[in-house]
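J.: Would you be able to build a 3D model of this:
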Amino acid sequence: MLNFLGTVIPYNTLDEQGLQALVNIAIRRTYRKNIVIIREGDDTNTMFILIEGEMRVYVEDEQGKQLTLRILKSGDSFGEVALIGDFPRTASVMTITSCVVAAFSRDKYLAFLEQHPKISLAFARTLANMVRDTTEELSSIALSDVYGRVTHILEKYAVEADDHRLVPKFTHREIAGMIGSSREMVSKILKELEKGSYISITDKHYVINKNLPANC
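T.: Coordinates of the predicted model:
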């Protein structure tokens, strides 16, 4: 865990002694796929760093409709905003795949920050970037039509691979949750993109074969 945390922002600014102090208060936990780690409104006593796997951060209304705010990957942290602010959880977190995390109790983590004040500033910058990214994401959802929201998700999570780009194969329901639309509409748009050979669909990925059109 020491080597891993040494690559995670902002903890990569710590010296070996500081990293060891962080490792000493970490608890390694594993979770199966589709397990809710945090529920919106819960009391806050733990923050987490994702070591392996993927999770999604979402909010849910009284009718059960969900909106995905972020997709978490290895190296991302979550639960720290409510922990430092000392207020209830503002969103829920569920595993997309099986996951491994480093968990930190509130008291021990806050004591760690007090002992390493330089981390606090770097941590504040990380939170500021998170707020910026979330604002941009919500702006895209609010100002784009459904087609634009779907292509935004494909572009956002695309990774270059030879002469094409690979996007994790989120389910149609997961994409719908990310953009605040219906699963049926997402399915229709992806089908049209596939029909036009803009994307291909494999067992694990959506493959972007060429630039996505401005409209479907």
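
J.: how about Glu174, phi and psi?
T.: Backbone geometry at Glu174, expressed as degrees, to the nearest 10, gives phi -70, psi -40.

J.: and it, how many residues sit next to it?
T.: Number of residues near Glu174 (other C-beta atoms under 10 Å) recorded here: 19. The way it works is simple: take the backbone N, C-alpha and C, and place the C-beta from them, glycine included.

J.: contacting residues around it?
T.: Going by C-beta atoms under 8 Å, 6 or more residues apart in numbering, Glu174 touches 56, 68, 96.

J.: can you pull out the strands in the protein?
T.: For the chain, strands defined by DSSP state E occupy the ranges 27-31, 36-38, 46-52, 55-60, 66-72, 77-78, 92-95, 99-105, 159-161, 164-168, 199-201, 205-208.

J.: What strands flank the first one, and is each parallel or antiparallel?
T.: Applying DSSP bridges, strand 27-31 is found paired with strand 99-105 (antiparallel).

J.: the inter-axis angle of the strand it pairs with versus strand 66-72?
T.: 90 degrees (axes from the mean of the first three to the mean of the last three C-alpha atoms, to 10 degrees).

J.: mind starting the numbering at 20 from now?
T.: Yes, from this point I'll number from 20; that puts the last item at strand 118-124.

J.: Buried residues, strand 118-124. List them.
T.: 118-123 (16 or more other C-beta atoms under 10 Å).

J.: and of these, the nearest to Leu91?
T.: Cys118 (8.8 Å; C-beta to C-beta).

J.: For the closest one, give me its contacts.
T.: Contacts here follow C-beta under 8 Å, 6+ apart; on that basis Cys118 touches 49-50, 69-74.

J.: just the buried members of those residues?
T.: Using 16+ other C-beta under 10 Å, the buried members of those are 50, 69-70, 72-74.

J.: Dump those residues to JSON lines, plus distance to Ala233.
T.: Converted to JSON lines, the buried ones among the contacts of Cys118 look like this (distance: C-beta to C-beta, whole Å):
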{"residue": "Tyr50", "distance to Ala233": "40"}
{"residue": "Leu69", "distance to Ala233": "35"}
{"residue": "Ile70", "distance to Ala233": "39"}
{"residue": "Gly72", "distance to Ala233": "34"}
{"residue": "Glu73", "distance to Ala233": "29"}
{"residue": "Met74", "distance to Ala233": "32"}
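
J.: Distance to Tyr30 and pLDDT for the residues you listed - can I get that in a markdown table?
T.: Formatted as a markdown table, the buried ones among the contacts of Cys118 follow (distance: C-beta to C-beta, whole Å; pLDDT from 0 to 100):
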| residue | distance to Tyr30 | pLDDT |
| --- | --- | --- |
| Tyr50 | 22 | 97 |
| Leu69 | 13 | 96 |
| Ile70 | 13 | 96 |
| Gly72 | 19 | 94 |
| Glu73 | 21 | 92 |
| Met74 | 19 | 94 |
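
J.: now the helix with the most length in the chain: how far from the chain's centre is it?
T.: Longest helix of the chain, by residue count under DSSP state H: helix 136-162. Helix 136-162 has its C-alpha centroid displaced from the chain centroid by 12 Å (C-alpha atoms, centre = their mean, to the nearest Å).

J.: Next, the angle from that helix to strand 74-79.
T.: 60 degrees.

J.: What separation do you get for the closest residue to Phe67 other than its chain neighbours and Glu193?
T.: Once flanking residues are discounted, Phe67 sits nearest to Val120: 4.6 Å by C-beta to C-beta, 6 or more residues apart in numbering. Distance, Val120 to Glu193, by C-beta to C-beta, to the nearest Å: 20 Å.
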